[in-house]
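> Sequence and predicted structure below; questions after.
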Amino acid sequence: MKFWRVWAILLGLSLMVGETIWIWGQGRNPLFILDDFFVGLPLVVTAILMARPSIPRLCAFSSSFAASAGMLYGSFFEKLADLSKPASSNIEIRLLP
């Protein structure tokens, strides 16, 4: 269980920090940043709470993973870029997969 707790904390933090860097300074609506915090924060919090596991905490922990998987799936396909169009990002487009 410790592996999954560490993985959830790393995933949640990287989701929040990575998307903030991605969107910062682009003039986009702040909701594009906050949605990542709504998914990343429960991952981190439930991973910390799983230090003392219980059935409700396990359900919250697995639900947080499911929410992040659903969000990352959509985010991945949203970021697939057409290289012929200019990119609106702080990150060089060639660095992205």
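Thanks, I have the structure now.

> Pick out the residue nearest the middle of this protein.
Taking CA atoms, centre = their mean as the criterion, residue 15 is the residue nearest the geometric centre of the chain, at 3.0 Å.

> Excluding chain neighbours, what is closest to that one?
residue 40 (4.2 Å; CB to CB, 6 or more residues apart in numbering). Any C-beta I mention is one placed from the backbone N, CA and C, and that applies to glycine too.

> List the residues that contact that neighbour.
Applying CB atoms under 8 Å, 6 or more residues apart in numbering, we find residue 40 in contact with 11-13, 15-16, 68.

> Looking at it now. What's its pLDDT?
If you check residue 40, the pLDDT there is 91.

> which intervals of the chain have sub-threshold pLDDT?
78-97 (pLDDT under 70).

> mind checking the longest helix of it?
Ranked by number of residues, the top helix in the chain under DSSP state H is helix 55-79.

> Centre of the chain to it, how far?
Helix 55-79 sits 9 Å away from the centroid of its parent chain (CA atoms, centre = their mean, to the nearest Å).

> Just the buried positions in that helix, please.
61, 64-65, 68, 71, 75 (16 or more other CB atoms under 10 Å).
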